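*Asks:* fold the stuff below for me.
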Amino acid sequence: MADLDRSSLALYGSRVGVSVIGFASTVYFARAIGAEGLGIYFTVETVVVVLAVLARFGVDSAVVKRLSGAADDAERARHLTGAFGLVLVPLAVVSLAVLLFADPLADLADLPLAPLALVGMVVALLVVETGQWLLLSALRGERRLATSAGVEFGGEVLRVGTSVWFVLGGSGPVGLVYGLLIGHAARALVAGVLLDTGLARPTRETMTSLVSFSKYTAGMNVSHLTYSWLDTLVLAVVVSKTAVGTYEAAWRVSLVVALASSAVGAALAPNVSAWAASDAFERIEEAFTNSLSFALLLVVPAVVGAAVLGGPFMAVAYGFGGGALLAVLVAGQVAQAVKDVVQSTLLGLDRPRTVFVTNAVGLGTNLVLTVGLALAYGPLGAAVGTALTAAVVAVVQWRALQSWLAARVDRRALAWQVGGALVMGGVVVGATRVVTPDSPVPLLALVALGALTYGGVVSLHAPTRTRLVGLVQPNATGQAEGS
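*Replies:* This next block holds a predicted model:
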């Protein structure tokens with residue numbers, strides 16, 4: 001478990017860095033171009049992400065699975081080349097659709113660009129978005145989690161730096177789109193240079209193998225798409241760009257607390273795949289239980305923290321409200337953390353059909369709940385719908401996993417986490433009677449007090465303390481990647 005923990009930690013550390021940079025930049029952009037300008041950029045980004053997921057057709061997930069289980073370099077090369085071939089047709093179809101619907105797209109985006117200029121920008125973003133995820137997935141398929149994490153981090157630094165430069169030059173939301181294009185293009189280029197896997201002519205068996213996996217993960221990605229972006233699209237169409245800006249600002253803060261679970265899931269899938277190939281199911285069950293505890297370690301206290309300090313945090317950071325919105329979105333990340341670990345285990349066990357079916361349930365749930373509640377109650381309704389959707393999918397996937405594994409929760413570790421979070425909440429509420437969190441310094445002081453309190457309580461649990469200490473001990477093999 002130590003190597004798996006370190007792989008998770010490497011990816012988690014990178015994503016924390018990405019999120020810190022992204023959060024700081026969002027705070028700056030919110031104050032530089034306002035909630036409406038931020039909402040315009042988020043709308044464009046949402047459109048690009050939605051179209052890119054359709055263009056990838058789940059092939060990026062298939063790349064991780066097939067490369068991690070390949071017998072040799074030649075087989076990996078055939079799979080990677082086949083993956084690029086598979087995305088060409090859907091990418092071309094989606095790009096043509098962008099051209100045909102240029103005018104409605106321009107109306108939705110509300111960017112100060114001519115329709116054809118916007119089409120060119122969106123198509124370019126689609127190409128680099130597709131390329132970067134295929135290449136980053138190939139790095140993960142090689143079980144080089146730390147390398148892929150470093151590439152993600154570097155691309156985000158470049159994106160933010162160029163975006164700030166454009167905004168300072170007066171480009172407004174368009175400058176943020178330029179920065180997005182440059183950052184993603186850099187990720188694709190660097191990932192391609194660092195990749196060990198080469199290219200080779202794929203066989204019919206290669207293409208069949210990729211399609212057999214991706215046809216199910218495509219459904220998984222569409223479900224994730226609706227979970228992550230449907231609410232934003234609905235708000236952009238029926239409410240306002242200002243509502244989009246407020247919602248996305250809160251959503252991206254909530255994503256920070258889910259970084260550990262997403263990193264654990266990303267590290268778990270290729271390892272489960274390798275263990276399943278050698279029938280080491282007891283090791284998978286142990287890794288699953290430990291990974292789930294690790295994934296929830298930061299999410300549980302974040303729920304309490306958002307309930308206590310969510311309002312002051314949104315006001316101080318962004319200059320607008322949204323405390324209740326943030327609290328609901330963070331609460332939804334508990335279910336999402338469970339889903340991250342369970343779904344990664346299912347994919348590692350080569351159960352893409354199960355993942356497809358369970359995510360189809362989530363897709364239907366999301367369409368009904370999120371759209372209905374967003375139309376009725378605006379951003380807060382969208383947040384409730386999104387949180388409930390994550391809970392439904394987590395329960396369905398957990399029940400499905402139990403058909404193949406003795407999946408269980410470490411109840412003692414979870415009890416320590418919940419207890420520590422409640423103690424933390426009580427301490428912070430008491431401290432707010434003395435310190436008013438109406439500016440950055442007292443707010444950060446209260447956050448630090450809460451973190452220290454929670455850390456002190458959970459460190460009293462010996463197994464948790466041992467795992468955390470193990471993360472910083474030297475690796476006997478000298479390798480941080482793989483296991």
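
*Asks:* low-confidence regions, the stretch 101-250 of the chain specifically.
*Replies:* 219-228 (pLDDT under 70).

*Asks:* give me the distance between the most centrally placed residue in the chain and Gly322.
*Replies:* Nearest to the geometric centre of the chain sits Ser262, at 6.2 Å (CA atoms, centre = their mean). Distance from Ser262 to Gly322, counting by CB to CB, to the nearest Å: 23 Å. C-beta here means a position set from N, CA and C on the backbone, and glycine is covered the same way.

*Asks:* burial measure for Ala391, as a count.
*Replies:* 18 (other CB atoms under 10 Å).

*Asks:* over to Val127?
*Replies:* Neighbours around Val127, by other CB under 10 Å: 18.

*Asks:* now it. Nearest residue, chain neighbours left out?
*Replies:* Leu91 (7.1 Å; CB to CB, 6 or more residues apart in numbering).

*Asks:* got a pLDDT number for the one you found?
*Replies:* With respect to pLDDT, Leu91 has a value of 91.

*Asks:* ditto for Phe313
*Replies:* Confidence score, pLDDT, at Phe313: 91.

*Asks:* from Val384, how far off is it?
*Replies:* 20 Å.

*Asks:* quick check: the residue of the chain positioned farthest from its centre vs Gly420, distance?
*Replies:* Distance from the C-alpha centroid of the chain peaks at Val434, with 36.8 Å (CA atoms, centre = their mean). Note on Val434: its distance to Gly420, by CB to CB, is 22 Å.

*Asks:* okay, now the residue nearest to Val127: neighbour count?
*Replies:* Count around Leu91 with other CB under 10 Å applied: 23.

*Asks:* host element of His79?
*Replies:* Assigned by DSSP states H and E, His79 belongs to helix 73-100.

*Asks:* identify each buried residue in that helix, please.
*Replies:* 75-84, 86-87, 90-91, 94-95, 98 (16 or more other CB atoms under 10 Å).

*Asks:* equivalent analysis for stretch 377-384, please.
*Replies:* Across stretch 377-384, burial judged by 16+ other CB under 10 Å covers 378-384.

*Asks:* can you give the distance from stretch 68-81 to the centre of its chain?
*Replies:* 26 Å (CA atoms, centre = their mean, to the nearest Å).

*Asks:* what's the answer for stretch 283-294, then?
*Replies:* Relative to its parent chain, stretch 283-294 has a centroid offset of 20 Å by CA atoms, centre = their mean.

*Asks:* stretch 268-285 too?
*Replies:* The answer for stretch 268-285 is 23 Å, by CA atoms, centre = their mean.

*Asks:* can you check stretch 124-137 too?
*Replies:* That offset, for stretch 124-137, works out to 16 Å (CA atoms, centre = their mean).

*Asks:* kindly report the same for stretch 50-66.
*Replies:* 15 Å.

*Asks:* what comes up buried for that stretch?
*Replies:* Under 16+ other CB under 10 Å, the buried positions of stretch 50-66 are 50-66.

*Asks:* end-to-end on that stretch?
*Replies:* Taking CA to CA, to the nearest Å, the first and last residues of stretch 50-66 lie 24 Å apart.

*Asks:* what spatial separation is found between the residue farthest from the centre of the chain and Leu449?
*Replies:* For Val434 relative to Leu449 (CB to CB), the value is 11 Å.

*Asks:* Asn290 now?
*Replies:* 29 Å.

*Asks:* more crowded one of the two?
*Replies:* Neighbour tally, Asn290 and Leu449, criterion other CB under 10 Å: the higher count belongs to Asn290, 19 against 16.

*Asks:* can you give me the pLDDT of the more buried one?
*Replies:* What the model reports as pLDDT for Asn290 is 83.

*Asks:* tell me which element it falls in.
*Replies:* In this assignment (DSSP H and E), Asn290 forms part of helix 281-296.

*Asks:* and that helix, what's buried?
*Replies:* Quick answer for helix 281-296 (16+ other CB under 10 Å): 283-285, 287-296.

*Asks:* just those now: which is nearest Leu326?
*Replies:* Checking these against Leu326 with CB to CB, the nearest one is Leu296 at 19.0 Å.

*Asks:* wait, the closest one touches Gln417, no?
*Replies:* Yes: the criterion here is CB atoms under 8 Å, and Leu296 meets it with Gln417 at 6.1 Å.

*Asks:* hey, where'd the strands end up in the protein?
*Replies:* Along the chain, no stretch is classed among the strands by DSSP state E.

*Asks:* what's the spacing between the longest helix along it and its chain's center?
*Replies:* Among the segments of the chain that qualify as a helix by DSSP state H, the longest is helix 2-56. Remark: helix 2-56 is offset 8 Å from the chain centroid, using CA atoms, centre = their mean.

*Asks:* average pLDDT for that helix?
*Replies:* Here the average pLDDT along helix 2-56 is 76.

*Asks:* ok, the residue nearest to Val127 - contacts?
*Replies:* Shown in contact with Leu91 (CB atoms under 8 Å, 6 or more residues apart in numbering): 55, 126-127, 130.

*Asks:* all helices for the stretch 301-450 of the chain, in order.
*Replies:* Under the criterion DSSP state H, counting those that start in this stretch, the stretch 301-450 of the chain contains helices at 323-348, 352-377, 379-401, 411-432, 440-458.

*Asks:* which of the ones you listed sits most buried?
*Replies:* helix 323-348 (a mean of 25; mean count of other CB atoms under 10 Å).

*Asks:* distance check, Leu135 against Val234.
*Replies:* 32 Å.

*Asks:* whoops, I mixed them up, Asp110
*Replies:* 16 Å.

*Asks:* so these two - more neighbours on which side?
*Replies:* When neighbours are counted by other CB under 10 Å, Asp110 and Val234 differ, and Val234 comes out ahead with 24 against 16.

*Asks:* quick check: that one touching Ala382?
*Replies:* Yes: with contact defined as CB under 8 Å, Val234 and Ala382 form a contacting pair (6.5 Å).

*Asks:* shared neighbours of the two, anything?
*Replies:* Joint contacts of Val234 and Ala382 (CB under 8 Å, 6+ apart) are 370, 374.

*Asks:* show me the contacts for Ala387.
*Replies:* 328-329, 331-332, 335.

*Asks:* turn the residues you listed into JSON lines, including distance to Thr162.
*Replies:* Below are these laid out as JSON lines (distance: CB to CB, whole Å):
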{"residue": "Val328", "distance to Thr162": "33"}
{"residue": "Leu329", "distance to Thr162": "28"}
{"residue": "Ala331", "distance to Thr162": "35"}
{"residue": "Gly332", "distance to Thr162": "32"}
{"residue": "Ala335", "distance to Thr162": "35"}
